[in-house]
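Novice: the sequence isn't on hand, but the structure is:
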């Protein structure tokens, strides 16, 4: 695997590419409208966030499987809060200030308190924050799951099987393939519909080391799986990607994609490419939350040019978002990550959480 003593770099690569893909999808959506489910952009719209959930479960498992104790649960929640909430608050505040919508006091309080939004993630103000609400919900159960599987890994299998009940219920009964995804968005973003992916990630982290031949083939298998994911024969409104047998097949392919990049050795890549993909992974949280705000600001600055020359708006937004996200990560996210250390005193893990 492409690992360092500090972090799993290959996971950074995929996390960064997923965030970049979501930004590109949003640029198309905001300028040209929704895409057909046969488009790779539509697949990215749905399964890039699925990748986030899987990688989150995988990474947290690698960090905490051996180190988490009852006494350190408080430390876990403090670190997660300082890692997630400050940037979420910043994105929420900026979205609120730039929006023409009028928000009720109740909705503002739900966003600032964060926890109420876990059960109703569609109420988050910041674009894309629904997935953050899901993540926070998963964190509430994570310590219990880890403490149980430290005793017996079969508990993880049990949690996964239980999570399949709501997952399959949403897939085959709740999400109606004859109704647009937008009309069913509050159902789709329910944490009960997504928890399985977080557990799948934990399961990948619990797997034994793969044979050397599979590690060598992993980069190629990753590309083949990505091609299958993008060319899977499905058409129509994006709801087709999230319901019925299509969702099962695409979820399996997404899981394989995460597994192959996890075990792959990318040391053959040029140093510049490794730096770029690693950095993209590090700033992915900022890219995910900041780019809709950057889009609004640049559209305002360009005026009529934004309408007549949409590609100027798109390129400007992508470049500005990447640059700004780098500085937000370095001087905002890292500040709160370091601040969390003042409240925690634990041994450093061999793998750093992203």
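Specialist: Great, that's in hand. Please read all numbers here as calculations on a predicted model, not as lab measurements.
Novice: alpha carbons only for contacts and neighbour counts from here, please
Specialist: OK.
Novice: how about residue 292, nearest residue that isn't a chain neighbour?
Specialist: residue 127 (6.8 Å; CA to CA, 6 or more residues apart in numbering).
Novice: residues contacting that neighbour?
Specialist: 95, 289, 292 (CA atoms under 8 Å, 6 or more residues apart in numbering).
Novice: so which of those belong to strands?
Specialist: Using DSSP state E, no member of the contacts of residue 127 sits in strands.
Novice: could I get those as CSV with neighbour count and distance to residue 235?
Specialist: Output for those, formatted as CSV (neighbours: other CA atoms under 10 Å; distance: CA to CA, whole Å):
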residue, neighbour count, distance to residue 235
95, 20, 33
289, 25, 29
292, 21, 27
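Novice: circling back: my guess is the residue nearest to residue 292 is in a helix, correct?
Specialist: No. With DSSP: H, G, I helix; E, B strand; the rest coil as the criterion, residue 127 is located in coil rather than a helix.
Novice: mean confidence (pLDDT) on stretch 47-56, please.
Specialist: For stretch 47-56, mean pLDDT is 98.
Novice: quick one: buried residues of it?
Specialist: Using 16 or more other CA atoms under 10 Å as the burial criterion, the residues of stretch 47-56 that qualify are 47-56.
Novice: that stretch: how far from the chain's middle?
Specialist: 4 Å (CA atoms, centre = their mean, to the nearest Å).
Novice: just stretch 188-201 next, same as before
Specialist: Distance of stretch 188-201 from the chain centroid (CA atoms, centre = their mean) equals 11 Å.
Novice: likewise for stretch 162-182?
Specialist: Remark: stretch 162-182 is offset 20 Å from the chain centroid, using CA atoms, centre = their mean.
Novice: cool, stretch 160-174 as well?
Specialist: Counting by CA atoms, centre = their mean, stretch 160-174 comes out at 20 Å from the chain centroid.
Novice: any buried residues in it, and which?
Specialist: For stretch 160-174, a neighbour-count test (16+ other CA under 10 Å) marks 160, 163-164, 166-168, 170-172, 174 as buried.
Novice: between those residues, which sits nearest residue 85?
Specialist: Nearest to residue 85 among the buried residues of stretch 160-174, counting by CA to CA, is residue 163 at 25.9 Å.
Novice: contacting residues around that closest one?
Specialist: Contacts of residue 163 by CA under 8 Å, 6+ apart are 192, 195-196.
Novice: so how far is residue 134 from residue 122?
Specialist: With distances taken as CA to CA, to the nearest Å, residue 122 is found 10 Å from residue 134.
Novice: again with residue 95
Specialist: Distance, residue 95 to residue 134, using CA to CA: 20 Å.
Novice: what's stretch 37-54 in contact with?
Specialist: With contacts defined as CA under 8 Å, 6+ apart, stretch 37-54 is touched by 15, 18-19, 21-22, 24-25, 35-36, 131, 135, 194, 197-202, 229-242, 251, 254-255, 258.
Novice: what of stretch 105-114?
Specialist: So stretch 105-114 is contacted by 85, 89, 92, 116-117, 123-125, 133 (CA under 8 Å, 6+ apart).
Novice: helix, strand, or coil at residue 343?
Specialist: Look at residue 343: counting by three-state DSSP, its state is coil.
Novice: quick one: contacts for it?
Specialist: For residue 343, the contact set (CA under 8 Å, 6+ apart) comprises 75, 78.
Novice: where does the chain have low pLDDT?
Specialist: 1-7, 116, 344-354 (pLDDT under 70).
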